[in-house]
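**Q** task: produce atomic coordinates for the following.
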Amino acid sequence: MIVIDAASPVPPFEQLRSQLARQIQDRTLAVGARLPTIRHLAADLGLAVNTVGRAYRELEEAGLIETRGRAGSFVSAAGEEGRERARRAAADYAAVIASVGLDAAEALRIVQAALAAGAAAPASS
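**A** From the prediction side, this is the model:
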């Protein structure tokens, strides 16, 4: 279920994009699930077609959905692949932490700092 808050300072396309991304990441929308057409979703939500189109384009650029021409847009397996890469990286990191003798609290502080630095860094193109 998608809810667009017209009173929110967050643009409607971003509200839609973030809600769909969250549903994909928490697996509410499963890999392979077909998304509504842009026109249908725009009509359902009372949004402009271009607004929904922008949200879908950004989700596609992020690898969360894929468009298959006239067949429509679907939840991509790429999100699962990214999650698996993250799990492997976490396992590798845990092995490094164990090998250098750091405790879990310090390891988590290091990860939090790295995530904060990554979020603050400009996206590379």
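
**Q** how near is Ala94 to Ala107?
**A** With the distance defined as C-beta to C-beta, to the nearest Å, Ala94 ends up 8 Å from Ala107. For every residue, glycine as well, the C-beta is placed using N, CA and C.

**Q** okay, the two: which has more neighbours?
**A** Summary of the neighbour comparison: Ala94 and Ala107, criterion other C-beta atoms under 10 Å, with Ala107 having more neighbours (16 against 12).

**Q** test my guess that the more buried one contacts Tyr93.
**A** Yes. Because the distance of 7.4 Å satisfies C-beta atoms under 8 Å, Ala107 is recorded as touching Tyr93.

**Q** check the offset of the least confident helix or strand in the chain by mean pLDDT from the chain's centre.
**A** The helix or strand with the lowest mean pLDDT-type score in the chain, counting by mean pLDDT, DSSP states H and E, is helix 78-100 (a mean of 84). On the basis of C-alpha atoms, centre = their mean, to the nearest Å, the separation between the geometric centre of helix 78-100 and that of its chain is 18 Å.

**Q** which strands or helices does that helix pack on?
**A** Contacts of helix 78-100 with other secondary structure elements, assessed using 3 or more C-beta pairs under 8 Å, 6 or more residues apart in numbering; DSSP states H and E, are made with helix 12-25, helix 104-120.

**Q** could I get the CA-only coordinates of stretch 106-121 as PDB?
**A** Taking Å, rounded to 0.1, in the frame of the first residue of the first chain, the C-alpha atoms of stretch 106-121 are listed here in PDB:
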ATOM      1  CA  GLU A 106      34.200  -1.300  18.500                       C
ATOM      2  CA  ALA A 107      33.500  -3.200  15.300                       C
ATOM      3  CA  LEU A 108      30.000  -1.700  15.200                       C
ATOM      4  CA  ARG A 109      31.300   1.800  15.800                       C
ATOM      5  CA  ILE A 110      33.700   1.400  12.900                       C
ATOM      6  CA  VAL A 111      30.800   0.200  10.700                       C
ATOM      7  CA  GLN A 112      28.600   3.100  11.800                       C
ATOM      8  CA  ALA A 113      31.300   5.600  11.000                       C
ATOM      9  CA  ALA A 114      31.900   4.100   7.600                       C
ATOM     10  CA  LEU A 115      28.100   4.200   6.800                       C
ATOM     11  CA  ALA A 116      27.900   7.800   8.000                       C
ATOM     12  CA  ALA A 117      30.900   8.700   5.800                       C
ATOM     13  CA  GLY A 118      29.400   6.900   2.900                       C
ATOM     14  CA  ALA A 119      26.000   8.600   3.300                       C
ATOM     15  CA  ALA A 120      27.800  12.000   3.500                       C
ATOM     16  CA  ALA A 121      29.900  11.400   0.400                       C
END
